[in-house]
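Undergrad: Here's my sequence, what's the structure:
(2 chains)
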Amino acid sequence: MPRMKRFYSVLGWIAIAYMAALFLYPLLNVLTTSLKSGGSFSLEQYEKVFSSAVYMKVLGRTMGIAAVSTVISLVLGYALAWFIASRRPSSQGIWLMLIISPMFMSLTVRLYGWLIILSNDGPVAAVSRALRFSQEVSLLFSNFSVIVGIVHYVLPFVVLNIYTSLKKLNPSLLEASMMLGASSARTFWRVTFPLSLPGVFAGGSIAFALAANTFLVPLMLGGPKTNLLSNMAYDATITIGNFGLGSALSIVLLAIVVIVLVLMGVLERRGHHA
Amino acid sequence: MDRGNDAVKGLSLQQIKKVYQDNVVVESIDLELAEGQFLCLLGPSGSGKTTLLRMIAGLVQPDGGRMLLDGKDIVSVPANKRNFGMVFQQYALFPHMTVWDNVAYGLKARGEKPAVIKEKVEKYLKLVDLGHLAKRKPKALSGGQQQRVSLARALAVEPVLMLFDEPLSNLDARLKELMLKEIRELHRTLGFTAVFVTHDQNEALYLADKIAVLNKGHIEQFGSPEEIIIRPATPFVADFFGYTNRLEGAQLSETGRAQIGPVAVPVGHVASGGKPGDRGVVLMRPNAVQVAEDGVSGDTAEATVVDSRYYGGVTEYRLKLEGYPSDDISAVVPRLVQPLPAEGAKVRVRFIPDSIAFFQE
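TA: You can find the predicted model right below:
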């Protein structure tokens, strides 16, 4: 047994070293780059970011789109997770595979699909024109198309998290609620939903982090007016060649996402003890 | 269509049936339970007792039969409209609510006024002696306390029928005894009608006015504890209630004895239909076999000691009856015999007819 323990301990340290070399080191590198100007310590890049109306607008848009996408993903994801969790146990695996299967394909390819669906010649536009909702149908390159893309991207993560917490729910709690005279709706809101909140928070946190950091979705489905912070950081670094500014933008994004996730964690724990 | 004579107060099951795939879990069960009575459904696992309880609760839909409460068919009434209380094996307390909110849950679902809720929650928490823990969450309570909360929660809505699904099987022996006493006292005080599922004959004997012994989805015997313990209807029931010595190949004589080879065993209970000359099986409790010290008269037999043990204040023997080829029998002597007889020692045994039953084949 001690040998086994040692084996895993060694394995653990290797994993930590790997993470440190390939994740922590680059991150620290980005941090130091963002804090340097002409070889010495300076907050110049951050001043540039926070004093620029453009960057602030993009930052606001990034947070707004991430928040809206997260909420939509949570609502859709909850419904899907609930649907799967209430199937016969033998078929739940198949449903889960269906939900996860898009993840086996490159996101680029999947976003191409949305590009076709949402384009002016696409089926959504055709239906819309046929129903005479609007003559001028441009769904693409808007906040709408970016949100659609992000929801598509993060939904499987949300479903998996909520499904797991629904499966952990003791079925006799629902029976107890029914036996005490509660309706199905009351049972859901008083028992099922509060007890599935850990999954909602976990899924929501992942969804928000992914949504706020998405680079590919606005690149493919968004236009110049729907650039998000990741795209700005990319432009600053690659197009303009200003590594300091790109690093500062990345660190700001990282800091905001971490703050939001911590706040969500606090909120969850508060709910738990209330 | 209810007939007038159905309108008796209480629960009546008529030909209730449940089939899962091709597996008959409960077959055509008839039961009558008068208002205020305490019924125990007793049986081993797989006997269908829990399924039967869940059908009464409305959590499982029967595949046939009628279920009347005070003369009204309730089969189509959903569980949340039946106004039954249920105590679950795993307590099933809402972990995110305090004890107080757990007990208030059913009252809130019924839309009771806050004053009424407060009054009843306090009343029933006091009844199970947990008023001081009202603000705690269930996980901060011991198993016994949790089960008492669950009891208070079910009682607080003042249900027309209380259902218990093996509520004591997760508790240790001492707590189990306390809870049994508590449930019996609550039943006496509040007078609710109850159906209690258990696999433990002692729980059933302690609590029940009526016991239904279930086996493989049907009722082996339905009656008062006294009837069942003194006059078991089938070998299954007898075995379940501690008639663990089994002697095959017996024949009932004119004198009310069962002749098994050279051994004549006096029989206290002959299952219905048995008459002199019938062949069958004798079942007896270990305490029906007395190890006689010296020249006793009456129905005695020779036996060899296979093993002997002290067992909770009594002495238990494993004995081999002379001239009877089959298994050992056990005998329980209600005192500590000193010294324990050696293996192979010869003893005389005497049979006490009270706990000996004959079942014809």
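
Undergrad: which is the next helix or strand following the helix or strand where B:L163 lies?
TA: For B:L163, the element it lies in under DSSP states H and E is strand B:161-165. Once the chain leaves strand B:161-165, the next helix or strand it forms, by DSSP H and E, is helix B:173-190.

Undergrad: Skipping adjacent residues, who's closest to residue 56 in space?
TA: Answering for chain A, as no chain was given. A:F50 (7.1 Å; C-beta to C-beta, 6 or more residues apart in numbering or on different chains). All C-beta atoms are positioned from the backbone trio N, CA, C, and that covers glycine.

Undergrad: Please refer instead to chain B.
TA: Distances taken as C-beta to C-beta, 6+ apart put B:V195 closest to B:I56, at 5.9 Å, once the chain neighbours are dropped.

Undergrad: Enumerate every residue touching A:N170.
TA: Contact analysis of A:N170 by C-beta atoms under 8 Å, 6 or more residues apart in numbering or on different chains lists B:Q90, B:A92.

Undergrad: what's the answer for A:S37, then?
TA: Taking C-beta under 8 Å, 6+ apart as the contact definition, A:S37 lies against A:E44, A:Q45, A:G244.

Undergrad: Please work out how many residues are found near the last one.
TA: What it means is A:G244. Counted with other C-beta atoms under 10 Å in any protein chain shown, residues neighbouring A:G244 total 20.

Undergrad: Run a quick neighbour tally on the residue nearest to A:M56.
TA: 13.

Undergrad: now the helix or strand in which it is found, how far from the chain's geometric center?
TA: Here A:F50, judged by DSSP H and E, is contained in helix A:44-51. What separates the centre of helix A:44-51 from the centre of its chain is 26 Å, taken as C-alpha atoms, centre = their mean, to the nearest Å.

Undergrad: and that helix, which residues are buried?
TA: Buried residues in helix A:44-51, counted by 16 or more other C-beta atoms under 10 Å in any protein chain shown: A:E44, A:Q45, A:Y46, A:K48, A:V49.

Undergrad: Report whether the expected contact of the last one with A:V252 is present.
TA: This points to A:V49. Yes: with contact defined as C-beta atoms under 8 Å, A:V49 counts as touching A:V252 (5.9 Å).

Undergrad: which helix is the longest one in chain A?
TA: helix A:53-85 (DSSP state H).

Undergrad: about what we covered before: mind listing the shared neighbours of A:V49 and A:V252?
TA: Contact criterion C-beta under 8 Å, 6+ apart; residues shared by A:V49 and A:V252: none found.

Undergrad: can you pull the contacts of the nearest residue to B:Y317 once chain neighbours are set aside?
TA: The spatially closest residue to B:Y317, leaving aside those adjacent along the chain, is B:A331, at 4.4 Å (C-beta to C-beta, 6+ apart). The neighbours of B:A331, taking C-beta under 8 Å, 6+ apart as the test, are B:P286, B:N287, B:V289, B:Q290, B:V291, B:E316, B:Y317, B:L319, B:V349.

Undergrad: So which of these is the closest to chain A?
TA: Of all the contacts of B:A331, B:P286 has the smallest distance to chain A: 38.3 Å, by C-beta to the nearest C-beta.

Undergrad: and the contacts of B:A331 as CSV, adding neighbour count?
TA: Below are these laid out as CSV (neighbours: other C-beta atoms under 10 Å in any protein chain shown):
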residue, neighbour count
B:P286, 20
B:N287, 16
B:V289, 25
B:Q290, 18
B:V291, 19
B:E316, 16
B:Y317, 25
B:L319, 23
B:V349, 22
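
Undergrad: Return the residues in contact with the residue nearest to the spatial centre of chain B.
TA: Centroid check for chain B by C-alpha atoms, centre = their mean gives B:A204 as the closest residue, at 3.2 Å. B:A204 sits next to B:C40, B:L42, B:F196, B:T198, B:I211, B:P225 when contact means C-beta under 8 Å, 6+ apart.

Undergrad: Assumed A:K225 was part of a strand.
TA: No: assessed with DSSP: H, G, I helix; E, B strand; the rest coil, A:K225 is helix; it does not lie in a strand.

Undergrad: Spatially nearest residue to it (excluding sequence neighbours)?
TA: Of all residues not flanking A:K225 in the chain, A:F141 sits nearest, at 7.7 Å (C-beta to C-beta, 6+ apart).

Undergrad: List the contacts of that neighbour.
TA: Listed by C-beta under 8 Å, 6+ apart, the contact set of A:F141 reads A:L221, A:G222, A:G223, A:K225, A:T226.

Undergrad: number of nearby residues for the fourth one?
TA: So the one you mean is A:K225. For A:K225, the neighbour count with other C-beta under 10 Å is 9.

Undergrad: Report pLDDT for it.
TA: pLDDT recorded at A:K225 is 79.

Undergrad: How many neighbouring residues does residue 123 have?
TA: Using chain A here. Counted with other C-beta under 10 Å, residues neighbouring A:P123 total 11.

Undergrad: not what I meant, chain B
TA: Around B:K123 there are 14 residues (other C-beta under 10 Å).

Undergrad: tilt between the helix or strand it falls within and helix B:173-190?
TA: Following DSSP H and E, the helix or strand that holds B:K123 is helix B:114-127. Between helix B:114-127 and helix B:173-190, the angle comes out at 130 degrees (axes from the mean of the first three to the mean of the last three C-alpha atoms, to 10 degrees).

Undergrad: Please see if the following helix or strand past helix B:114-127 touches chain A.
TA: Following helix B:114-127 in sequence order, the next helix or strand is helix B:143-156 (DSSP H and E). Yes: judged by C-beta under 8 Å from any C-beta of the partner chain, helix B:143-156 and chain A are in contact via B:R153, B:A154.

Undergrad: buried stuff in helix B:143-156?
TA: Quick answer for helix B:143-156 (16+ other C-beta under 10 Å): B:144-156.

Undergrad: next one: stretch B:64-74
TA: Here stretch B:64-74 shows B:G65, B:R66, B:M67, B:L68, B:L69, B:I74 as buried, counting by 16+ other C-beta under 10 Å.

Undergrad: end-to-end on it?
TA: For stretch B:64-74, the first-to-last residue distance is 13 Å (C-alpha to C-alpha, to the nearest Å).

Undergrad: residues in contact with it?
TA: Stretch B:64-74 is contacted from outside by B:2, B:6-17, B:28-29, B:35, B:55-56, B:58, B:75, B:82, B:160-161, using C-beta under 8 Å, 6+ apart.
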